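[1] structure for the following, please:
(2 chains)
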Amino acid sequence: MASLSLQHINKTYPNGFEAVKDFNLEIEDKEFIIFVGPSGCGKSTTLRMVAGLEEITSGTLKIGDKVMNDVEPKDRDIAMVFQNYALYPHMTVYDNMAFGLKLRKVPKDEIDKAVREAARILDLDKLLDRKPKALSGGQRQRVAMGRAIVRNPKVFLMDEPLSNLDAKLRVQMRIEISKIHQRLGATIIYVTHDQTEAMTLGTRIVVMKDGVVQQVDTPQNLYQKPGNLFVAGFMGSPQMNFLDVQIKEKGSDLVAVLGKDELVIPAAKAKALKDGGYVGKTVVMGIRPEDVSDTPNGSMSSTVKVYELLGAEVFLYFDVNGTQITARVDPGTKAKTGDPVKFDFDMEKTHFFDKDSELVITN
Amino acid sequence: MSIQRTLQKCMEDWKQISNLDFCLLQEDNSVFVTTCQKRLPSLNKLADFRSDPALCIANSTYCLYKILDRDELLYILIVWGSSENASTIGELAVCQIRSLIEAYSEKNDKNAFMQKLLLGSYNEVEAFNKAKKLHVSSTCQRAVFLVETKQTEDEHALTMIRNIFSARTHDFITSVDDKGIIIVRELVSTETYANLEATAHMLVDMLGSEAMTQAWVSYSNVADSLKELANAYKEAKMALEIGKIFYSEKNVFGYRNLGIGRLIYQLPVEICEMFIEEIFNGESLDAIDGETLNIIRTFFENNLNLSETSRQLYVHRNTLVYRFEKIQKKFGLDLRTFEDAMTFKLAMLVSGYLRYTNN
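    Below you'll find the predicted structure:
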């Protein structure tokens, strides 16, 4: 397996479209790195540049110690699994996995060893003689992964490999991929637009938007300490609530003014806001739905617009100072659609962002 | 598989079953296929047999058979052995070889027919008659896919595509030149353009992961009859060309989704040059520095929103305004207004097209 280094990588297409801008990342050996972001953010383009399926306009790509910018894809010692795959319908599972190696004229005994080992890892041993039409969706997906595993590459590149599966199968396969990563001890770069997939699979996540890396961090840090408004909004479902608040001094405290309510800001956050010169200014306050609690003694009140029961939890939607927010509460809540609701924010868990630059002031 | 390999495989099988050896000689008496290294009959004997009206002769060591195709002598089959068994097996082998040759020549005819059809070499009646003869449906719907790979003469790509569609016996796959592969896909009534798009994406992804090559795939509109296939091929070709000029960030181009690129592509080069001359006052897009062009592109991507552009580029709003005023002074276009922005965007696209045609 191998480490990767992407230094100042840019991709500009002949028509002038800049897909990736100054991408920098060091990937450790055996890391499971996730590229996540909305459609068109440049995550797949970056992956394809690593694969050699797109030329790098500028910057340096290294796999191990070797610069790979001008190396052909087949010579990069990588394997890819993409969203849109097809199995060869007339071939058995064994032959489907062996086909790529046969094309590369790998000796038969080596192919046999590689296929059987991949089948063992993927629990496909008993299905090697089956044709694709006799396989379930999950088994087919595993065969597609097997085609990558038999190459025994230094790096696995996966571009939304689970997107075409239904929700239930996707969850199953997510667990499978996690297991495969552990078994192979491989370096994996995985592209997805699904933040749940990103959070559950990755050792580190690269959040991208408009071709620019927004933040690189562990799933937990991205969730708890987002670097800007975009990351805060993108990671987490339902997404973080954002409210415009004015920062005001009140005695020795700093408060966030939200309509008629004044919310006391905890000391550490207050210091950061004060030091940043935000007193008297409007900033964006972010709070996650689970940090909004409905309580009979709540200091704020509103009317429930929508009540959503998801079994283990309930989402309540209501307006605060003209902005709709979401609260993730206990299913035992008495509140229903149209009811008045009293609630509180856990101010220790709030995040504050600069309104213009959208960068975080304090988490 | 070539006819020679197919025949070789058959003969090996016959040998295993019958314990007899077989050999097929061509017109010049050279060995086409054989299962052994046994001594061949003398040239004189072979010449005598060719001139003899008999279709089969036998002696104590071997039997000779003529393999005919439409009364024309194609091969001579030698079966070593003298028993009655050998002559019966020899006759069965002749039947089998003739069937194989017929099937193979039909397949070859089909390939040639499709290639000519795509090039528009048949009129409607010819196409219909020929299709009927070759058992090619003339009424079903089809679409033409054109695949281009980065690597030239990519045998892996062709092999892989043939294998993907191996279960679809009515599809036609052939390579056009060093880089291109044509797929004529017979469609079922439920297939939509979304399916065609998905097939094209699947091809790009499969070529990337299995053949490990960058690929571009275009596809035509649906052709309702055989005669429309020539037009469909032109559509796929045009889609690939237009796509690579105007939408170079994509790998899949459908003829029906070519947008404004299709319009510009149809314009005569002189008209495009006049337009650029008019917009850039005798200069070109190259007169604008890369940084400013990047600002303009981002500004357009953000629907002429100054604040969003400034946020994305980490450039102060006033700096953007200053840059746009400079452009206005130079070319008379205020990019903050919709009409001028649209004119400039068109000029950028036309410049890209001219750059392509000049290259």
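
[2] residues of stretch A:222-230 that come out buried?
    The neighbour-count check on stretch A:222-230 (16 or more other CB atoms under 10 Å in any protein chain shown) flags A:222-223, A:225-230 as buried. C-beta: built from backbone N, CA, C; applies to glycine.

[3] okay, and which of these map to helices?
    If you go by DSSP state H, the buried residues of stretch A:222-230 have A:222-223, A:229-230 in helices.

[4] so what's residue 202 closest to, chain neighbours aside?
    Here I'm looking at chain A. Nearest non-adjacent residue to residue A:202, counting by CB to CB, 6 or more residues apart in numbering or on different chains: residue A:34, 3.6 Å away.

[5] hmm, I had chain B in mind actually
    Per CB to CB, 6+ apart, closest to residue B:202 is residue A:84, 4.1 Å.

[6] give me the number of residues near the one you found?
    Counted with other CB atoms under 10 Å in any protein chain shown, residues neighbouring residue A:84 total 21.

[7] and for residue A:342?
    Count around residue A:342 with other CB under 10 Å applied: 15.

[8] would you list the phi and psi of it?
    Reported as degrees, to the nearest 10, the phi and psi values for residue A:342 are phi -110, psi 140.

[9] how about the contacts made by residue 40?
    No chain specified, so I'll use chain A. residue A:210 (CB atoms under 8 Å, 6 or more residues apart in numbering or on different chains).

[10] let me rephrase: I mean chain B.
    Per CB under 8 Å, 6+ apart, neighbours of residue B:40: B:23, B:25, B:29, B:31, B:46, B:78.

[11] which residues does the residue nearest to residue A:202 bridge with?
    Counting by DSSP bridges, residue A:34 is bridged to residue A:190, residue A:205.

[12] list the contacts for it?
    Contacts were defined as CB under 8 Å, 6+ apart; by that measure residue A:34 touches A:190-192, A:197-198, A:201-202, A:204-206.

[13] the same query, at a cut-off of 10 Å, please.
    Going by CB atoms under 10 Å, 6 or more residues apart in numbering or on different chains, residue A:34 touches A:43, A:158, A:188-192, A:194-195, A:197-207, A:219.

[14] now do residue B:119
    Residue B:119 sits next to B:229-230, B:233-234 when contact means CB under 10 Å, 6+ apart.

[15] how about it, phi and psi?
    Main-chain dihedrals, residue B:119, degrees, to the nearest 10: phi -80, psi 0.

[16] before we move on, the earlier item: filter the buried residues of stretch A:222-230 by proximity to chain B?
    The subset of the buried residues of stretch A:222-230 within reach of chain B, by CB under 10 Å from any CB of the partner chain, is residue A:229.

[17] include pLDDT when you put the buried residues of stretch A:222-230 into JSON lines, please.
    Listed next are these as JSON lines, based on pLDDT from 0 to 100:
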{"residue": "A:222", "pLDDT": "96"}
{"residue": "A:223", "pLDDT": "96"}
{"residue": "A:225", "pLDDT": "96"}
{"residue": "A:226", "pLDDT": "97"}
{"residue": "A:227", "pLDDT": "96"}
{"residue": "A:228", "pLDDT": "95"}
{"residue": "A:229", "pLDDT": "94"}
{"residue": "A:230", "pLDDT": "94"}
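
[18] residues near residue B:133, how many?
    11.

[19] quick one: it from chain A, how far?
    28 Å (CB to the nearest CB, to the nearest Å).

[20] any part of stretch B:231-242 near chain A?
    No: counting by CB under 10 Å from any CB, chain A is not contacted by stretch B:231-242; separation bottoms out at 11.5 Å.

[21] quick one: residues contacting the closest residue in space to residue A:71 that isn't next to it in sequence.
    Nearest residue to residue A:71, sequence neighbours excluded (CB to CB, 6+ apart): residue A:52, at 6.5 Å. Going by CB under 10 Å, 6+ apart, residue A:52 touches A:61, A:68-76, A:78, A:80, B:150, B:208, B:212-214.

[22] filter those residues to the buried ones?
    A:61, A:68, A:73-74, A:76, A:78, A:80, B:150, B:208, B:212-214.

[23] export those to JSON lines and tack on secondary structure, pLDDT and distance to residue B:143?
    Shown next, in JSON lines, are the buried ones among the contacts of residue A:52 (DSSP: H, G, I helix; E, B strand; the rest coil; pLDDT from 0 to 100; distance: CB to CB, whole Å):
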{"residue": "A:61", "secondary structure": "strand", "pLDDT": "97", "distance to residue B:143": "37"}
{"residue": "A:68", "secondary structure": "coil", "pLDDT": "96", "distance to residue B:143": "37"}
{"residue": "A:73", "secondary structure": "helix", "pLDDT": "93", "distance to residue B:143": "28"}
{"residue": "A:74", "secondary structure": "helix", "pLDDT": "90", "distance to residue B:143": "30"}
{"residue": "A:76", "secondary structure": "coil", "pLDDT": "93", "distance to residue B:143": "34"}
{"residue": "A:78", "secondary structure": "strand", "pLDDT": "95", "distance to residue B:143": "33"}
{"residue": "A:80", "secondary structure": "strand", "pLDDT": "94", "distance to residue B:143": "27"}
{"residue": "B:150", "secondary structure": "coil", "pLDDT": "88", "distance to residue B:143": "24"}
{"residue": "B:208", "secondary structure": "helix", "pLDDT": "94", "distance to residue B:143": "22"}
{"residue": "B:212", "secondary structure": "coil", "pLDDT": "90", "distance to residue B:143": "26"}
{"residue": "B:213", "secondary structure": "coil", "pLDDT": "92", "distance to residue B:143": "23"}
{"residue": "B:214", "secondary structure": "coil", "pLDDT": "93", "distance to residue B:143": "23"}
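
[24] any idea which of these is closest to residue A:347?
    Taking CB to CB as the measure, residue A:61 is the one of the buried ones among the contacts of residue A:52 closest to residue A:347, at 44.7 Å.

[25] let me see the contact set for the closest one.
    Residues in contact with residue A:61 (CB under 10 Å, 6+ apart) are A:4-7, A:9, A:23, A:46, A:49-50, A:52, A:67-71, A:76.

[26] please name the nearest non-neighbouring residue to it.
    Closest residue to residue A:61 apart from its sequence neighbours, by CB to CB, 6+ apart: residue A:68 at 4.9 Å.

[27] same check on residue B:46?
    Spatially, and ignoring its direct neighbours in sequence, residue B:46 is nearest to residue B:29 (5.6 Å; CB to CB, 6+ apart).

[28] would you agree that neighbour falls within a strand?
    No: according to DSSP: H, G, I helix; E, B strand; the rest coil, residue B:29 belongs to no strand; its state is coil.

[29] ok, which residues in the stretch 251-359 of chain B are in contact with chain A?
    Taking CB under 10 Å from any CB as the criterion, the stretch 251-359 of chain B approaches chain A at residues B:251-252, B:261, B:285, B:290, B:293-294, B:296-298, B:301-302, B:307-308, B:310-314, B:317, B:348-349, B:351-353, B:355-356, B:359.

[30] isn't residue B:197 right next to residue B:255, touching?
    No: using CB atoms under 10 Å, residue B:197 makes no contact with residue B:255, being 11.4 Å away.

[31] which element is residue A:213 on?
    Take DSSP states H and E as the rule and residue A:213 turns out to sit in strand A:212-217.

[32] mind listing what that strand pairs with, with the direction of each?
    Applying DSSP bridges, one finds strand A:212-217 paired with strand A:204-209 (antiparallel).

[33] would stretch A:237-255 count as contacting chain B?
    No: figure legend: stretch A:237-255 not in contact with chain B (CB under 10 Å from any CB); closest approach 15.4 Å.

[34] could you give the mean pLDDT of that stretch?
    Mean per-residue pLDDT for stretch A:237-255: 94.

[35] just the terminal-to-terminal distance for that stretch.
    Start-to-end span of stretch A:237-255 (CA to CA, to the nearest Å) is 28 Å.
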